[in-house]
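Trainee: What follows is a predicted protein model with its sequence.
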Amino acid sequence: MARKTTKLSKSNTQSGRNGLSQNSKSTQPKMAQYIGFFAIGYIITSTIFMMIQTQVALNSQLVTVLSIMVGAYIAVNKFIKHQQRALDRDEINRLMFGGVSVVWLLTAIYFLGIWFLLFDAVSREVLLEMTMQQPLPLLSALVMILVLTFISARISILLLNRLLNPKRKTS
């Protein structure tokens, strides 16, 4: 009687934080969809605040933080509803970096739209001259708003992930 040897192959499984086996490729959801939800929430909230700012002056940093928080809420809420679990650390990082990247891409498009559609040649020349004479205030403001967006996105995604976690509510 001939004996057949079986080949053992490594599967794409790895042990997660809670000790359960997870497929590294198949269980990772596509984060682009949730980054899109983040962007939609950010756009809607920013638009509402722009309409409010025609009547009442609001702090621009506060508006940015609140818009990011609403975008993060929508993205985390949709993720938890679709996946029936909270985000893990890698997904939080991807959502944060993707969301902030989309926010900055939208800000750049908005700025370019204002630059080319609203400003005339004289206004552009004046702004360029002011920037060339004193670039440090502009650069420091740019770095501060970049840090603000990363920190507010990180904190809001972490807090909302913890608050909306379905496993925490059931235990």
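Mentor: Yep, it's here. Predicted model, so just to flag it, every value in this text is computed and none were measured.

Trainee: can you tell me the helix or strand for the residue minimising distance to the centre of the chain?
Mentor: Nearest to the mean C-alpha position of the chain, by C-alpha atoms, centre = their mean, lies Gly99 at 2.0 Å. Per DSSP states H and E, Gly99 falls inside helix 89-113.

Trainee: what's the next secondary structure element after that helix?
Mentor: helix 121-133.

Trainee: For Leu138, give me its contacts.
Mentor: Thr131 (C-beta atoms under 8 Å, 6 or more residues apart in numbering). (C-beta placed from N, C-alpha, C; glycine too.)

Trainee: in the longest helix along the chain, what counts as buried?
Mentor: Determined from DSSP state H, the single longest helix within the chain is helix 135-163. For helix 135-163, burial by neighbour count (16 or more other C-beta atoms under 10 Å) applies to Thr149, Phe150, Ser152, Ala153, Arg154, Ser156, Ile157, Leu158, Leu160, Asn161.

Trainee: Tell me which other helices or strands the helix or strand containing Ile80 touches.
Mentor: Using DSSP H and E, Ile80 sits in helix 60-83. Packing contacts for helix 60-83, counted by 3 or more C-beta pairs under 8 Å, 6 or more residues apart in numbering; DSSP states H and E, involve helix 32-53, helix 89-113, helix 135-163.

Trainee: Against which helices or strands is the first one packed?
Mentor: In this case it means helix 32-53. Using 3+ C-beta pairs under 8 Å, 6+ apart, helix 32-53 sits against helix 60-83, helix 89-113.

Trainee: about what we covered before: can you redo the helices and strands packed on helix 60-83 as TSV with distance to Ala121 and mean pLDDT?
Mentor: Below are these laid out as TSV (distance: least, C-beta to C-beta, whole Å; pLDDT from 0 to 100):
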stretch	distance to Ala121	mean pLDDT
helix 32-53	26	94
helix 89-113	16	93
helix 135-163	20	93
